[in-house]
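Trainee: please work out how this folds:
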Amino acid sequence: MSQPKKLVLLGATGSIGDSTLKVIRKHPDKIQLVGISAHQQAEKLLGIAEEFKVPHACLTSEKSPKPSFPGYTKLQTGENSLEELASLQDADIIVVAVVGAVGLMPTLAALKAGKDVVLANKESLVMGGEIVTKTAEKYGAKIIPADSEHNAVFQCIQGQPEKSVESIILTASGGPFRDLPLNQLDKVTIEQALRHPNWSMGKKITVDSATMANKGLELIEARWLFHVDPKQLEVVIHPTSIVHAIVRFIDGCCLAEMTPPSMTFAMQNAILFPERHEGVEPSLDFSQPLDLSFSQPSLERYPCLRLAQKSMETGNSAPLVFNAANEIAVDAFLRNRIGFLDIPRIIENTLNESEFISTESIEALLSSDAESRRIAATQIDLLA
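Mentor: Numbering: from 1, shown residues only. As a prediction, the model looks like this:
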């Protein structure tokens, strides 16, 4: 019997973390949790540490109250401790499920340590796709995508020659405002934006789904994960979120991956790859009708998707600028400082005011990220 994979889970208290823990509970003989992190949900992190007897834990917020962790758990604090946890000597695989730009440095730390990374953090590749992929290649580490769409593509292309892929089609539910009249989008409230029709996710990602900035980030991520040209990437609206991605090959054949809309399927595939075992949740029931309808997204309805596509085509640090401006704008929206339609306005204005630099230096990337956030914050101050 093989030894269980020793796993570090960065972002253990978020929605992706919850799905990962369900997989670990299902397969305790195959996965051993050796490290966990949270930003400020200390009590929830403590509960995870106690349930799984986790030896290493990290709280990135130094302001968060710190409960008493058990003696077998070494607790560290501060964002720098994420990198230490990501390169933990005992670990075999690192799940990066933190949200936002904070995921870049621990992703790089894990890859430099030769650890395989199950990547559920879009921003790592959006900000530093070239650096991240080159680092993985240099240190012989694998990046296994965990987002449902990217994991679907990952499954579809196994055993296929890279040159046989004609295009990759990512599906999107369209979010809660798919059918809302355009003239009502300016009246959207925070509560409405957080009511996703299919998925249970954190606040930031749920708003990103409503604007389809999330799908734009996924397009940029897919470019680096699968080494394709931006022109080979498509997005379609698929309201039921049953088909997660489709790969079209040069001979005209298409392969699609289908599961119910739950992250446990993608997480289990990524963590246990290349093995397959019994799933956490029931699969699709093909004795019942399934809605497999698809349509083109309206770029008038989803300007964030248009801006993401434009930044991907522009290249250099334009995707980084898009991501930074979006993070700042969504945070301002969730704090009721700006309106829903101000999110794409701030992103577009930030892109227009930014200088796009080469992405070969991590120091330059971090500097550009900080400057992009400053420009976006200035835009918010003008609107607020």
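Trainee: what's near enough to touch residue 116?
Mentor: 92, 93, 94, 141, 142, 143, 144 (CB atoms under 8 Å, 6 or more residues apart in numbering). C-betas here are computed from N, CA, C, even on glycine.
Trainee: which non-adjacent residue is nearest it?
Mentor: Spatial nearest neighbour of residue 116, chain neighbours left out: residue 142 (4.5 Å); criterion: CB to CB, 6 or more residues apart in numbering.
Trainee: quick one: that neighbour and residue 133 touch, right?
Mentor: No. Using CB atoms under 8 Å as the test, residue 142 is too far from residue 133 to be in contact (11.2 Å).
Trainee: centre of the chain versus stretch 340-359, how much separation?
Mentor: Offset of stretch 340-359 from its chain centre (CA atoms, centre = their mean, to the nearest Å): 20 Å.
Trainee: now it: buried residues?
Mentor: Across stretch 340-359, burial judged by 16 or more other CB atoms under 10 Å covers 340, 342-344, 346-351, 354, 356-357, 359.
Trainee: among those, which are in helices?
Mentor: With helices taken from DSSP state H, the overlap with the buried residues of stretch 340-359 comprises 342, 343, 344, 346, 347, 348, 349, 350, 351.
Trainee: now render the residues you listed as a markdown table, adding distance to residue 77 and pLDDT.
Mentor: Below are these laid out as a markdown table (distance: CB to CB, whole Å; pLDDT from 0 to 100):
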| residue | distance to residue 77 | pLDDT |
| --- | --- | --- |
| 342 | 35 | 96 |
| 343 | 32 | 97 |
| 344 | 36 | 97 |
| 346 | 32 | 97 |
| 347 | 33 | 98 |
| 348 | 38 | 97 |
| 349 | 36 | 97 |
| 350 | 32 | 97 |
| 351 | 35 | 97 |
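Trainee: any weak-confidence spans in the stretch 101-250 of the chain?
Mentor: Within the stretch 101-250 of the chain, the stretches with pLDDT under 70 are 197-201.
Trainee: that one: helices as residue ranges?
Mentor: Remark: helices assigned in the stretch 101-250 of the chain by DSSP state H, counting those that start in this stretch are 104-112, 122-139, 148-156, 190-193, 203-211, 213-226.
Trainee: now those in TSV, with mean neighbour count and distance to residue 276?
Mentor: Output for the helices of the stretch 101-250 of the chain, formatted as TSV (neighbours: other CB atoms under 10 Å; distance: least, CB to CB, whole Å):
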stretch	mean neighbour count	distance to residue 276
helix 104-112	25	24
helix 122-139	21	24
helix 148-156	25	10
helix 190-193	14	36
helix 203-211	23	27
helix 213-226	24	21
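Trainee: nearest to residue 302, of the ones you listed?
Mentor: Residue 302 lies closest, by CB to CB, to one member of the helices of the stretch 101-250 of the chain: helix 203-211, at 6.7 Å.
Trainee: pLDDT wise, what is residue 54 at?
Mentor: At residue 54, the pLDDT value in this model is 98.
Trainee: thinking it is in contact with residue 32, fair?
Mentor: No. Using CB under 8 Å, residue 54 is not in contact with residue 32, being 9.4 Å away.
Trainee: who has more neighbours, these two?
Mentor: Neighbour count, other CB atoms under 10 Å: between residue 54 and residue 32, residue 54 has more, with 24 against 19.
Trainee: that one: what's it in contact with?
Mentor: For residue 54, the contacting residues are 33, 34, 35, 36, 48, 73, by CB under 8 Å, 6+ apart.
Trainee: same thing with residue 296?
Mentor: If you count contacts by CB under 8 Å, 6+ apart, then residue 296 has 236, 237 around it.
Trainee: that older thread, filter the contacts of residue 116 to the buried ones?
Mentor: Buried subset of the contacts of residue 116 (neighbour count, 16+ other CB under 10 Å): 92, 93, 94, 141, 143, 144.
Trainee: can you give me the neighbour number for the nearest residue to the last one once chain neighbours are set aside?
Mentor: Once flanking residues are discounted, residue 144 sits nearest to residue 270: 4.6 Å by CB to CB, 6+ apart. The tally of other residues near residue 270 (other CB under 10 Å) stands at 26.
Trainee: elements contacting the strand or helix carrying residue 270?
Mentor: According to DSSP states H and E, residue 270 maps onto helix 263-272. Applying 3 or more CB pairs under 8 Å, 6 or more residues apart in numbering; DSSP states H and E, we find helix 263-272 packed against strand 5-10, helix 15-26, strand 93-96, strand 116-119, helix 148-156.
Trainee: dump those to JSON lines, plus distance to residue 169.
Mentor: Shown next, in JSON lines, are the helices and strands packed on helix 263-272 (distance: least, CB to CB, whole Å):
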{"stretch": "strand 5-10", "distance to residue 169": "30"}
{"stretch": "helix 15-26", "distance to residue 169": "23"}
{"stretch": "strand 93-96", "distance to residue 169": "25"}
{"stretch": "strand 116-119", "distance to residue 169": "20"}
{"stretch": "helix 148-156", "distance to residue 169": "9"}
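Trainee: all set, thanks.
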